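Asker: sequence first, predicted model second:
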Amino acid sequence: MNRRDAMALVVSAAVFARSSLARESGDLMFVDSGDVRIATQTFGVPEGTPLLLIMGATASMVGWPDELCSTLAEQGFFVIRFDHRDTGCSTTVPPGEATYAIEDMATDVLAVMESYGLPAAHLAGMSLGGYISQMLALSHPERIHSVTLIGSEPLGWDGAPLPTISDDFLRHFAGFGELDWQDRRTVSRFLVEIDRLCSGTANTFDAEAALARVEKVLDRTESPASMFNHSSRTTRENWAGRFREISCPVFVLHGSEDPILPVENGRALAEGIPGAELAILEGVGHELPRSHHREIADRMIRFALAH
């Protein structure tokens, strides 16, 4: 896997399309976005301030920790997280057979908003989710109160090359093609190693907790390999330089030791978007570490409530 292909796992783009109604199933709500079914889950009460959490490439809603979601809900937010297509309980297609563009993944976000009856909401996007959030802020500014971009990069960056994914990560993914997805133990080890490579030095890596999360991810999908369909998805439109046109309030939150999208990407975002605010999480990688849940939640809450 080359650097460009690996980066495709964590960066993308998005625009608007039509959505439909939702169906309930246990503690999940299923939303129809065209012929795709998107699994969603909420924290808090519908009367709260709406906040949609958009995860990164290959990641399901499990990427947003329960503790973080609950903390946000306790402060008056109606929090919605969801599984991207090809992850979790949402619709998947066999590995290598995906035909959708990243724009279609943004369609899913607006489908969620429509199904919950939200004319507008705050967005928080991590990595790919931040890319999608930027595009929604551009294509539908009237529907976006504010955007928090966590470990993301500028939409349509057109400046000097920014630092990208680490060599260690690339070396790990060199073995992706040989992975036997029927061997759960091997797959689990592969995914846990991704978590380790994404972590910073602020905390000692907790392999046991990472394994528990990975097992939950695998338990929630019938086709875990499909998550990597995101790596081959591209955009339909040319978004070069468009991030500078974002007009809604933007808060950039970035780990100082991010090995996927190094901190220079966060700084470029904050410098390019008019009025954007920037906060650096020292010692944090491409992750939402438990030790920083309260700080991350507090920063998100203060920013959203101010706008």
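Answerer: Received it, and whenever you're ready, just let me know what you need. Numbering: from 1, shown residues only.
Asker: contacts, neighbours, all on C-alpha from now
Answerer: Noted.
Asker: quick one: contacts for E193?
Answerer: Neighbouring residues of E193 by C-alpha atoms under 8 Å, 6 or more residues apart in numbering: there are none.
Asker: so it: helix, strand or coil?
Answerer: Put simply, E193 is helix when judged by DSSP: H, G, I helix; E, B strand; the rest coil.
Asker: what score does it have for pLDDT?
Answerer: E193 carries a pLDDT score of 97 in this model.
Asker: over to C89?
Answerer: 97.
Asker: for T201, see how far away it is.
Answerer: The spacing between C89 and T201, counted by C-alpha to C-alpha, to the nearest Å, is 32 Å.
Asker: what of S226?
Answerer: 31 Å.
Asker: compare the two (neighbour count), which wins?
Answerer: A direct count of neighbours by other C-alpha atoms under 10 Å for S226 and T201 places S226 higher, at 22 against 12.
Asker: would you list the phi and psi of the residue nearest to the more buried one when sequence neighbours are not counted?
Answerer: Distances taken as C-alpha to C-alpha, 6 or more residues apart in numbering place P95 nearest to S226, at 4.7 Å, with adjacent residues excluded. Taking degrees, to the nearest 10, you get phi -50, psi 130 for the backbone angles of P95.
Asker: go on, G283?
Answerer: Per-residue torsions, G283: phi 80, psi 0 (degrees, to the nearest 10).
Asker: mind listing what the closest residue to C198 other than its chain neighbours touches?
Answerer: Residue nearest to C198 in three dimensions, not counting chain neighbours: H286, with 5.0 Å by C-alpha to C-alpha, 6+ apart. H286 sits next to G151, C198, S199, G200, G255, E257, D258, P259, I260, L261 when contact means C-alpha under 8 Å, 6+ apart.
Asker: show me the residues you listed that map onto strands.
Answerer: G255 (DSSP state E).
Asker: tell me which of the contacts of H286 is nearest to F43?
Answerer: Of all those, G151 has the smallest distance to F43: 23.0 Å, by C-alpha to C-alpha.
Asker: okay, that closest one: pLDDT?
Answerer: For G151, the predicted pLDDT is 98.
Asker: so where do the strands sit in the stretch 51-200 of the chain?
Answerer: Listed in chain order, the strands of the stretch 51-200 of the chain (DSSP state E, counting those that start in this stretch) span 77-82, 121-126, 144-150.
Asker: the second one packs against which elements?
Answerer: When you say that, I think you mean strand 121-126. Judged by 3 or more C-alpha pairs under 8 Å, 6 or more residues apart in numbering; DSSP states H and E, strand 121-126 is in contact with strand 49-54, helix 128-139, strand 144-150.
Asker: give me whichever of those is most buried.
Answerer: The highest average neighbour count among those, using mean count of other C-alpha atoms under 10 Å, belongs to helix 128-139 at a mean of 28.
Asker: alpha carbons only: can I get it in PDB?
Answerer: What follows is helix 128-139 as a C-alpha-only set of coordinates in PDB (Å, rounded to 0.1, in the frame of the first residue of the first chain):
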ATOM      1  CA  LEU A 128     -12.600  11.700   7.500                       C
ATOM      2  CA  GLY A 129     -15.500  12.900   9.500                       C
ATOM      3  CA  GLY A 130     -13.800  16.300   9.700                       C
ATOM      4  CA  TYR A 131     -13.400  16.400   6.000                       C
ATOM      5  CA  ILE A 132     -17.100  15.600   5.500                       C
ATOM      6  CA  SER A 133     -18.000  18.300   8.000                       C
ATOM      7  CA  GLN A 134     -16.100  20.900   6.100                       C
ATOM      8  CA  MET A 135     -17.900  20.000   2.900                       C
ATOM      9  CA  LEU A 136     -21.300  20.100   4.600                       C
ATOM     10  CA  ALA A 137     -20.500  23.500   6.100                       C
ATOM     11  CA  LEU A 138     -19.800  24.700   2.500                       C
ATOM     12  CA  SER A 139     -22.700  23.000   0.700                       C
END
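Asker: can you check what angle separates that helix from strand 144-150?
Answerer: 150 degrees (axes from the mean of the first three to the mean of the last three C-alpha atoms, to 10 degrees).
Asker: quick one on the thing from earlier: how about the strands of the stretch 51-200 of the chain in a markdown table, adding distance to E271?
Answerer: Converted to a markdown table, the strands of the stretch 51-200 of the chain look like this (distance: least, C-alpha to C-alpha, whole Å):
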| stretch | distance to E271 |
| --- | --- |
| strand 77-82 | 28 |
| strand 121-126 | 18 |
| strand 144-150 | 13 |
